[in-house]
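# I'll drop the sequence and a predicted model, then ask my questions.
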Amino acid sequence: MKSGEHFLLSVPVVGWMLAALGDRYSSRQRAALAGYGLGLGVLIDLDHFLLARLRVGDWRHARNCLRNPKRVFFDQKNLFEGTGGMANLRLLSHVLIAGPLTVLTGLIDRRLGILTGAVLYVHVLADLLRDNDIV
């Protein structure tokens, strides 16, 4: 799934959490939570660069994106050419990150943990639905 789609899917999750918070947090804290949730929904995919590194033995995919950042937005389909099938590894790494991150953020603040778990659940679910040609 593309980053923009993950961002759009994170919006209702973050909105739900902010609505549930009501005015228990300041507007600055709510804005920080919104930024965190929306960023997390997209930036979890940075693990793909580590997986590509493990698959091909160098950082060429990350370097290519740093040299030409437009690729990240306009050529996502070809970002990881030559890495072989990474779908299962990608989902596995998301799950390996999501569990501990949800627990750790929950230890900091219960609501932060709920937000983390919900955003990452929706992200992984969306990837599974797309990978299996359901959506």
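Nice, thanks for sending it over.
# by mean pLDDT, point me to the weakest helix or strand of this protein.
Between all helices and strands in the chain, the lowest mean by mean pLDDT, DSSP states H and E belongs to helix 70-74, at a mean of 85.
# helices or strands up against it?
helix 3-21, helix 60-67 (3 or more Cβ pairs under 8 Å, 6 or more residues apart in numbering; DSSP states H and E). Every C-beta, even on glycine, is put in place using the N, C-alpha and C of the backbone.
# OK, contacts around the residue lying closest to Asp127 once chain neighbours are set aside?
Excluding the flanking residues, the one nearest Asp127 by Cβ to Cβ, 6 or more residues apart in numbering is Met1, at 5.5 Å. For Met1, the contact set (Cβ atoms under 8 Å, 6 or more residues apart in numbering) comprises 126-127, 130.
# buried ones among those?
The neighbour-count criterion (16 or more other Cβ atoms under 10 Å) marks 126-127 among these as buried.
# for the contacts of Met1, point out the one with the lowest pLDDT.
Scanning the contacts of Met1 for pLDDT, the low point is Arg130. It has 91.
# remind me which helix or strand that one belongs to.
helix 110-131 (DSSP states H and E).
# before we move on, what about Phe80?
Going by DSSP H and E, Phe80 is not in any helix or strand.
# ok, it touching Ala62?
No - here Phe80 does not reach Ala62: they are 10.3 Å apart, not a contact under Cβ atoms under 8 Å.
# what do the two both touch?
Ala52.
# looking at those two, which one has more neighbours?
Phe80 (19 against 16; other Cβ atoms under 10 Å).
# show me what contacts the residue nearest in space to the middle of the chain?
With distances taken as Cα atoms, centre = their mean, the residue of the chain nearest its centroid is Ile44 (3.0 Å). Listed by Cβ under 8 Å, 6+ apart, the contact partners of Ile44 are 94, 97-98, 120, 123.
# can you check Gly113 too?
Per Cβ under 8 Å, 6+ apart, neighbours of Gly113: 102-107.
# out of those residues, which end up buried?
Applying 16+ other Cβ under 10 Å to these flags 102, 105-106 as buried.
# which one of the residues you listed sits closest to Leu50?
When those are compared for distance to Leu50 (Cβ to Cβ), Thr102 wins out at 19.6 Å.
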